[in-house]
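**Q** Need a 3D model of the sequence below.
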Amino acid sequence: MNCPKYIEEALRRRTRAAYVFTAADTMIADWLEKNNLLDKVELYDICGGCESYVNPDSSSARILEVIENV
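**A** Numbers count the residues shown, from 1 in each chain. Take a look at the predicted model:
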């Protein structure tokens, strides 16, 4: 079976997005660790946690809340 061009493009876009997400997620986790906040953030919000994918707005808001309440 031949793969449709739009599926090939969707796969490429998903791959690029995953690399961008992973780089940003690592930057956030490294900063939280450096500032001793890593243990104050739920694991589902960082390090590839499911909330960072399926509920990104709320996940980011929870991380910002931890940072702002220090």
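**Q** So which bits of stretch 31-51 are buried?
**A** Buried residues in stretch 31-51, counted by 16 or more other CB atoms under 10 Å: 32, 37-38, 41, 44-46, 51. (Each C-beta comes from the backbone N, C-alpha and C, glycine too.)
**Q** now, the most widely separated pair of the residues you listed?
**A** The most widely separated members of those, counting by CB to CB, are 37 and 51 (16.8 Å).
**Q** And for stretch 40-55, what's in contact with it?
**A** 21-22, 25, 28-29, 32, 38, 58-59, 62-63, 66 (CB atoms under 8 Å, 6 or more residues apart in numbering).
**Q** again, only using 7 Å
**A** 25, 28-29, 32, 58-59, 62-63, 66 (CB atoms under 7 Å, 6 or more residues apart in numbering).
**Q** Would you mind checking those residues for buried ones?
**A** Buried, going by 16+ other CB under 10 Å: 25, 28-29, 32, 59, 62-63, out of those.
**Q** Out of the helices and strands in this structure, which is least certain?
**A** helix 50-54 (a mean of 94; mean pLDDT, DSSP states H and E).
**Q** Quick one: the helices in the protein, in order.
**A** Here the chain has its helices, by DSSP state H, at 5-34, 50-54, 56-68.
**Q** ranking those helices by mean pLDDT, which is last?
**A** Lowest mean pLDDT of the helices of the chain: helix 50-54, a mean of 94.
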